[in-house]
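Trainee: Give me a model of this one.
(2 chains)
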2 protein chains.
Amino acid sequence: MSTVLNRCTIKMANSPSIKAFASIAGKKEGEGPMAACFDKIIDDFYFGQKTFEKAESEFQKQTINLALQKAKLKPENINFMFCGDLLNQCIGTTFGIRDLNIPFLGVYGACSTMAEGLCLASIFADNSLGENIIAATSSHFCTAERQFRLPLEYGGQRTPTAQWTATASGAVVVSQKGGAPFVRAVSIGTIFDLGVKDANNMGAAMAPAAANTIKQFLFDLNMKPQNFDYIITGDLGKVGSELLYELLKKDNINIVKNHRDCGLMMFSPEEQDVHAGGSGCGCSASILCGHFLKGLQAGSIKNILFCATGALMSPTSVQQGESIPGICHGVWISGTKN
Amino acid sequence: MSTVLNRCTIKMANSPSIKAFASIAGKKEGEGPMAACFDKIIDDFYFGQKTFEKAESEFQKQTINLALQKAKLKPENINFMFCGDLLNQCIGTTFGIRDLNIPFLGVYGACSTMAEGLCLASIFADNSLGENIIAATSSHFCTAERQFRLPLEYGGQRTPTAQWTATASGAVVVSQKGGAPFVRAVSIGTIFDLGVKDANNMGAAMAPAAANTIKQFLFDLNMKPQNFDYIITGDLGKVGSELLYELLKKDNINIVKNHRDCGLMMFSPEEQDVHAGGSGCGCSASILCGHFLKGLQAGSIKNILFCATGALMSPTSVQQGESIPGICHGVWISGTKN
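Mentor: As a prediction, the model looks like this:
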């Protein structure tokens, strides 16, 4: 049985295995520095579907199917799935998974969704609440842009702090039994809202939540940044990452050397004109599944602290003058079980 | 430790306590047949806020605070909270709870949200993953109407199968220790989509999921409908309830006598002009917390199977010609621990 440390950090008893993982990315992501790590690159924005929303569902569906295939499991071997996405009423997920016939628990954590799903799947597996559990998420530039910002046809100018929603999906199968990588502990985040109101500066809005979760995790497990090869944030981008260093410096925590931000890894900001970096649920999910989990499995990476961050706003809340609440969940993933 | 029966039903080992529960409802709900059961009736649609969305957040916030007060607990005594709502990006929840400083796991299950949150909170408490865990949700007629249907000012005519989104909120504190009522088992639902495309007939879209979860639960626990004083669906309304009876009849399951639908309980359909009944996350949540849990605590009710149903669609998916996937999670709540 897992142990709760202090209040919100849960240490695994048997370190469940991430038995399989898969990632599929879009055209622009497939032209960036991470191109080689994804299982598939899909050049067609529509992924053979009639709308961008259906395309996003197709991303999530195919990524989950690929993870199942790699795990040599069928949908009926999966007890539960924790999935979600950025779209209104999470339709990227619900329409993507509806034919799988797997008991489903919908999660919403904006761009922290992969971490939230992975936390819950790991907790379930560690406490024998199912043998195999899926966590998955997706995002699509075209669905997010027209839902959160402007019609795609408008071609609006982007601010320097704006981020680019990645078209990508990531899925994992977490199992009681299996090989590396293993989930060792998770920390559930608390909402932080320091009053940032600029929807084009999500990184700044999410940095305080990331700082708090990293600090909490290190404290609860009595660990140091150097215990991890990488401390990975979801999509703070350039602006948010710098703010994160500053915030942690106040607590004498220095993560500058081993910090990586999936938003900054996904694109070449200058060449690909993405300003402050990538974002979206699928950004950190696909880089986790395409790059970091592969390294942990191969042994080239020993330990990571995966901290996906989410901005819990909507266009309506922004229009009503609200600030942007941020959240961040942390997951310690290791190449060894103990 | 909980036991997984077959695939998706989880039997509690120590039957966690629903230590406290609270409900707050709006004006129209306060004029209906359930009026006396709610802790508070709020006549002001705005709940003292500037917008309907902020009002919905206020509903959720005050209901959670009331549940905390009844449990004699402070936010810092709560390990985790599982909350969500119908609004885009779940802003009813995130802005309602952001000041509570409680580790937060966002859930999305449309109108099944209370059952999903209660399942997860119970599983966590039963496996010693935190001492006290909150589950809560809300809905608001004015936020749902303008988001899912038409501008409020339009005054559009409603079809006979249309349901009325309840303005209400419900919250529970689930604890390892405490008195009745107790959660005995939960069953996580699978998405069912039989092709219903009419967004004004959600009951019909959700009935197959409800039928499946009820059947699964009874089978996995080797129980019969008569083992429960009430088998409660969320908001199938008149049309969906009849369809549910028909579907279950095929498996020789008859729940007609002890079935109650929160959507049908909330309003007087004829006098209050709500057509097929009430709906919304807050409908089943507030009736569970206001009526059924009180009965279980007092001893006038012995056992219920609470099955909130969700329609996992969005206005976008409907406009794109998609059918409506439904889901339903079941929770057995009892006056006794064993």
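Trainee: CA only for contacts and neighbour counts going forward, please
Mentor: Will do.
Trainee: Around chain B, pick out the residues from the stretch 1-150 of chain A.
Mentor: Proximity of the stretch 1-150 of chain A to chain B, by Cα under 8 Å from any Cα of the partner chain, involves residues A:1-4, A:7-8, A:10, A:51, A:79-80, A:84, A:86-91, A:94-95, A:98-99, A:101-110, A:116, A:127-130.
Trainee: Now, those that are in helices?
Mentor: Within these, residues falling in helices by DSSP state H are A:91, A:94-95, A:116.
Trainee: For the closest residue in space to residue A:303 that isn't next to it in sequence, give the beta-bridge partners.
Mentor: If you skip the residues right next to it in sequence, residue A:303 has residue A:334 as its closest partner in space, 4.4 Å away by Cα to Cα, 6 or more residues apart in numbering or on different chains. According to DSSP bridges, residue A:182, residue A:303 are recorded as the beta-bridge partners of residue A:334.
Trainee: residues near residue A:321, how many?
Mentor: Neighbour count of residue A:321, defined by other Cα atoms under 10 Å in any protein chain shown: 10.
Trainee: right, I mislabeled it, should have said residue A:156
Mentor: Residue A:156 is flanked by 10 other residues according to other Cα under 10 Å.
Trainee: And residue A:301, by the same measure?
Mentor: The burial metric for residue A:301, expressed as a neighbour count using other Cα under 10 Å, is 18.
Trainee: What of the one 4 residues further on?
Mentor: If you count neighbours by other Cα under 10 Å, residue A:305 ends up with 27.
Trainee: how about it, secondary structure?
Mentor: Applying DSSP: H, G, I helix; E, B strand; the rest coil to residue A:305 yields a three-state assignment of strand.
Trainee: What are the neighbouring residues in contact with it?
Mentor: With Cα atoms under 8 Å, 6 or more residues apart in numbering or on different chains as the criterion, the residues that contact residue A:305 are A:228, A:230-232, A:330-333.
Trainee: what residues go with each domain of chain A?
Mentor: Chain A breaks down by automatic domain parsing into domains covering A:3-175, A:182-334.
Trainee: Tabulate the ones you listed (TSV), appending distance to residue B:142.
Mentor: Supplementary listing: those in TSV, determined by distance: least, Cα to Cα, whole Å:
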stretch	distance to residue B:142
domain A:3-175	17
domain A:182-334	14
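Trainee: pLDDT score assigned to residue A:271?
Mentor: On the pLDDT scale, residue A:271 is placed at 89.
Trainee: Hmm, residue A:194 is touching residue A:205, no?
Mentor: Yes. With contact taken as Cα atoms under 8 Å, residue A:194 and residue A:205 are classed as touching, separated by 7.3 Å.
Trainee: Give me the more crowded residue out of those two.
Mentor: In this comparison of residue A:194 against residue A:205, neighbours counted by other Cα under 10 Å, the higher total goes to residue A:205 at 31 against 16.
Trainee: I'd assumed the more buried one was in a strand, is it?
Mentor: No. Read with three-state DSSP, residue A:205 is helix and lies in no strand.
Trainee: which residues touch it?
Mentor: By Cα under 8 Å, 6+ apart, the contact list for residue A:205 reads A:193-197, A:240, A:311, A:324-326.
Trainee: In space, what's closest to it - neighbours in sequence excluded?
Mentor: Here the residue nearest residue A:205, using Cα to Cα, 6+ apart, is residue A:196, at 5.5 Å.
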